[in-house]
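J.: after the sequence you'll find the predicted model.
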Amino acid sequence: MQLNNEQLEAVKHGNYPLLILAGAGTGKTTTILDRIQYVANNTSIAPESILALTFSVEATDNLKNKLSDRDITNCDLINVSNFHSFAKNIIEDNYVQLGYSSEPVIIDKDDLVYLFINKIHSLNQFKSRKYNRFPIKAIKSILSIHDQLCQELVSDKKMFKIKQECLNRISLLDGEEDELYRQIIDSIDTFKDFRKIKKESGFIEYEDMIYDVWNLLNIDSNFLLELQQKYKFIIIDEFQDNNYAFSEILNKIAINHQNITIVGDDDQSIYSFRGASSYNMYDFDCFYSKNNNYKRVELVKNYRSRQAILNIANSVIVNNSNRMEKRPLSSILNH
């Protein structure tokens with residue numbers, strides 16, 4: 001596939017921050033592959049210093065296979081991974097420092113509920129009246145809130161502030177009106193206890209992985225420096241499916257060289273229930289636009305659909321609230 005002007009502009013952008021807004025069918029994967037190949041073959045960055053991250057295992061395998069067909073020296077040294085595998089590898093190498101009793105294994109929510117039910121006698125009584133009456137439902141609800149705390153990287157200081165605000169609200173309310181605030185307090189009070197139980201049992205959740213990596217980067221400056229020096233070029237696909245926590249981790253790793261490329265489309269963000277937010281793309285745009293060499297490239301030439309179909313899609317998408325301003329998709333196919 002011959003690159004169009006916008007794709008070529010993205011591929012040959014220098015070692016600087018880059019945002020590629022790529023609508024559906026606009027040759028996004030080809031652009032990613034060509035940019036990685038360009039960096040590997042035309043800059044001083046070694047293949048082992050390239051980190052390419054995707055959202056899913058399937059997308060990772062697809063990218064690896066297509067890269068292997070490219071004319072890239074030592075292509076197999078390029079680090080290609082999905083978000084959680086990248087974090088999992090870091091956890092496995094540093095689990096002792098993070099307080100795990102053994103190399104942790106992933107546990108699902110149902111097994112986790114069972115684990116905590118058996119440990120509930122060691123916890124303080126819940127402040128929530130409903131939680132005390134229905135402990136299984138309580139634990140499921142608490143775990144959901146814990147996921148949010150991890151995804152948003154809520155600090156101990158912030159949790160303490162939230163708890164104090166809830167206590168203040170409770171003092172002003174009567175009867176069942178204070179139930180929500182009691183549940184929030186219980187979730188905050190159990191956050192460290194639940195994490196301790198998981199670590200002592202050698203278990204980990206996907207949300208723990210990201211949260212633990214963030215904590216490791218903040219408590220171990222040598223490890224942070226090691227990652228910063230190791231990865232000289234970072235490219236992330238499907239960035240709209242990224243959550244706040246992982247975005248912050250990547251920014252922390254790339255902060256010195258700022259040679260980071262993100263690819264995505266805020267109109268295709270569908271994983272908000274897992275903490276993903278298209279606002280991460282907007283935040284990236286705002287933060288890195290301070291770099292004089294920052295560039296934002298829009299891929300809008302569609303190779304998949306005819307214009308009549310795209311016109312319908314454009315008319316629907318334009319109504320999305322808080323979307324990034326961009327040109328509408330335009331078909332290159334004959335009408």
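T.: Received it, and whenever you're ready, just let me know what you need.

J.: how about residue 125, nearest residue that isn't a chain neighbour?
T.: residue 132 (6.4 Å; CB to CB, 6 or more residues apart in numbering). The way it works is simple: take the backbone N, C-alpha and C, and place the C-beta from them, glycine included.

J.: nope, residue 94 is what I meant
T.: That would be residue 216: by CB to CB, 6+ apart, it lies 5.8 Å from residue 94.

J.: now residue 116
T.: residue 139 (4.9 Å).

J.: ok, the residue nearest to residue 125 - how many residues close by?
T.: 13 (other CB atoms under 10 Å).

J.: what sits up against the host helix or strand of it?
T.: Assigned by DSSP states H and E, residue 132 falls within helix 129-133. With CB atoms under 8 Å, 6 or more residues apart in numbering as the test, helix 129-133 has contacts from 125-126, 137-138, 141-142, 176, 179, 182-183, 186.

J.: could I get the buried residue list for that helix?
T.: Residues of helix 129-133 classed as buried by neighbour count (16 or more other CB atoms under 10 Å): residue 131.

J.: same question for the very next helix or strand once past that helix, mean pLDDT?
T.: Counting by DSSP H and E, the next helix or strand C-terminal to helix 129-133 is helix 135-151. Confidence over helix 135-151 (mean pLDDT, whole number) is 95.

J.: got it, and stretch 27-38?
T.: 95.

J.: try stretch 223-230
T.: Mean predicted lDDT for stretch 223-230 stands at 97.

J.: quick one: which helix or strand includes the closest residue to residue 90 other than its chain neighbours?
T.: Among residues not flanking residue 90 along the chain, residue 213 sits closest, at 5.3 Å (CB to CB, 6+ apart). Element membership of residue 213 [criterion: DSSP H and E] is helix 206-219.

J.: how about residue 126?
T.: With DSSP H and E as criterion, residue 126 is part of no helix or strand.

J.: mind checking how far residue 325 is from residue 266?
T.: 10 Å (CB to CB, to the nearest Å).

J.: check which element follows the lowest-mean-pLDDT helix or strand in the chain along the chain.
T.: Sorting the helices and strands of the chain by mean pLDDT, DSSP states H and E puts helix 307-317 at the bottom, at a mean of 72. Past helix 307-317, further along toward the C-terminus, the next helix or strand under DSSP H and E is strand 330-331.
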